[in-house]
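J.: What would the 3D arrangement of this be:
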Amino acid sequence: MGTLSYTTTVSLDGFVADADGDFQWGAPTPEVFRHHVERVRALSAEIMGRRTYDLMRYWHTEPEGEAWTAEEREFAHLWREVPHIVVSSTLRHDQLVSDHDRLLPELSLPDLARLVEGAAGEVEIFGPTTAAPALRAGMVDDLRTFIAPQTLGGGLRALPEDLRLELRLVEHRVFDDGTVHLHHRPRRR
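T.: Numbering: from 1, shown residues only. The predicted structure follows:
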């Protein structure tokens, strides 16, 4: 049986993207990126929406005229090995990048529970919109936030506004650039 996690980079005021949809403000420094390489190594599956899937296509082929660092190549290799479950009603099967990627037109909570139960390890939900139903239902076992030392003043929230969780801190780290990583687990009653 697997576990379900939600990992996100957020501004200090709780946003993953600004009011224009830009998320580049949260680009990781090499030290933070190295942490992400290690984190992806532990994943047995990744669930994401179409926009996130389109964004992460970048890691399937090194861009022409751009040289990846050794760590970027390592991340790309690990990312391509993780099975991706894409939740989208507009994407077609022939638009998937890899043969081990799966397309679901929607993801119900019972379907999500079956995916996690059948996983060999950690299943991560990537993206606040896709993660919101699982967060509200109390299905997320691990919540990892990378808090960037800046505010955006508005945009796409990392967590649903109506979410109430009691959490316990199990790990934390402060990176040299001021980014803070917090790893929480829910307090189960």
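J.: Just the CA trace of the lowest-mean-pLDDT helix or strand in the chain, in PDB.
T.: Lowest by mean pLDDT, DSSP states H and E among the helices and strands of the chain is helix 50-56, with a mean of 90. Output in PDB follows, covering the C-alpha atoms of helix 50-56 (Å, rounded to 0.1, in the frame of the first residue of the first chain):
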ATOM      1  CA  ARG A  50      -3.100  19.000 -17.900                       C
ATOM      2  CA  ARG A  51      -1.400  22.400 -17.300                       C
ATOM      3  CA  THR A  52       1.200  20.800 -15.000                       C
ATOM      4  CA  TYR A  53       1.700  17.900 -17.400                       C
ATOM      5  CA  ASP A  54       2.300  20.400 -20.200                       C
ATOM      6  CA  LEU A  55       4.700  22.300 -18.100                       C
ATOM      7  CA  MET A  56       6.600  19.200 -17.100                       C
END
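J.: And Asp99, what's its pLDDT?
T.: At Asp99, the model reports a pLDDT of 85.
J.: switch to numbering from 422
T.: Sure thing, new numbering starts at 422, so read that last one as Asp520.
J.: Quick check: Pro504 vs Leu530, distance?
T.: 20 Å (CB to CB, to the nearest Å). Glycine gets a C-beta too; all of them are placed from N, C-alpha and C.
J.: Between those two, point out the one with more neighbours.
T.: Taking other CB atoms under 10 Å, Pro504 and Leu530 do not tie; Pro504 has more neighbours (16 against 12).
J.: list the contacts for that one?
T.: Ser465, Ala466, Glu467, His521, Asp522, Arg523 (CB atoms under 8 Å, 6 or more residues apart in numbering).
J.: Those residues, buried ones only, as a ChimeraX selection?
T.: Filtering the contacts of Pro504 down to the buried ones (16 or more other CB atoms under 10 Å) takes a single ChimeraX command:
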select :465,466,467,522,523
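J.: and the contacts of Pro504 as TSV, adding secondary structure and distance to Leu603?
T.: Shown next, in TSV, are these (DSSP: H, G, I helix; E, B strand; the rest coil; distance: CB to CB, whole Å):
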residue	secondary structure	distance to Leu603
Ser465	strand	23
Ala466	strand	23
Glu467	strand	21
His521	coil	31
Asp522	coil	30
Arg523	strand	30
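J.: hmm, which two among the contacts of Pro504 are most spread apart?
T.: The span of these, defined through CB to CB, is set by Ser465 and Asp522 at 14.1 Å.
J.: Enumerate every residue touching Ala579.
T.: Thr429, Val431, Gly435, Phe436, Val437, Pro549, Thr566.
J.: just checking, which of these belong to helices?
T.: Among the contacts of Ala579, the residues falling in helices (DSSP state H) are Pro549.
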